[in-house]
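Take this sequence and fold it.
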Amino acid sequence: MVVRRVVCPGSFDPVTNGHLDIISRASRLYDEVVVMVSINLAKKSLFSVEERLDMIREVTRDLGNVKVDSFRGLTVDYCKQHDIPVIVRGLRAVTDYDYELQIAQMNNRMSGVETLFMATSPEYAFLSSSLMKEVVRWGGDASGLVPELVHERLIERLKDA
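Take a look at the predicted model:
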């Protein structure tokens, strides 16, 4: 039996309900979804890689076919090392498409790995991790836009920022 696998890469700093929307929908289409936290040492993150991995594991624990991992390097290299032929990416707007299309074409040229674009559900189309951090940093209410666990950790981390 062939196991259909897909990787869902991102920084997930932190994971939002928009991310979870894409992850859960992909989990209905594929036998295994690997949520891969990309390690970018040049990028200043609010949460450590370990914290992001833990949060994603916790909020996806009810999705039995989701695995969580991290990787430093090109996503296509991760795909090749783990025999995963498809990357899934969520698209919020046309600007996402322009950016993601170039990456998808480069990834395919370099490795033959395909990219599946999923339109984000309308209720999450405006969400981004950066926006959630900004809202919470200024005392705004991000509940309902990130998982409760993530909301609590955002408040704790940013309370004195």
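
Which parts of the protein are helices?
With DSSP state H as the criterion, the chain has helices at 17-29, 49-59, 75-81, 94-111, 129-137, 148-158.

Generate TSV for those helices, with mean neighbour count, mean pLDDT and distance to Ser11 as supplementary columns.
(Each C-beta comes from the backbone N, C-alpha and C, glycine too.) Below are the helices of the chain laid out as TSV (neighbours: other C-beta atoms under 10 Å; pLDDT from 0 to 100; distance: least, C-beta to C-beta, whole Å):
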stretch	mean neighbour count	mean pLDDT	distance to Ser11
helix 17-29	19	97	10
helix 49-59	18	97	8
helix 75-81	18	96	12
helix 94-111	13	91	14
helix 129-137	18	92	7
helix 148-158	16	94	14
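
Now tabulate those in a markdown table and tack on distance to Phe117.
Shown next, in a markdown table, are the helices of the chain (distance: least, C-beta to C-beta, whole Å):
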| stretch | distance to Phe117 |
| --- | --- |
| helix 17-29 | 10 |
| helix 49-59 | 21 |
| helix 75-81 | 14 |
| helix 94-111 | 7 |
| helix 129-137 | 19 |
| helix 148-158 | 25 |
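
which stretch among those comes nearest Val68?
Val68 sits nearest to helix 49-59 of all those, at 4.9 Å, using C-beta to C-beta.

Packing partners of that closest one?
Under the contact criterion of 3 or more C-beta pairs under 8 Å, 6 or more residues apart in numbering; DSSP states H and E, helix 49-59 touches strand 32-38, strand 66-71, helix 148-158.

what sits up against the longest one?
Residues lying outside helix 148-158 but in contact with it, judged by C-beta atoms under 8 Å, 6 or more residues apart in numbering, are 14-16, 46-47, 51, 55, 58-59, 132-133, 136-137, 142-143, 146.

Wait, Val37 touches Glu50, no?
No. Counting by C-beta atoms under 8 Å, Val37 stays clear of Glu50, with 9.4 Å between them.

quick one on the thing from earlier: Met118 is nearest to which of the helices of the chain?
Per C-beta to C-beta, nearest to Met118 of these: helix 17-29, 5.5 Å.
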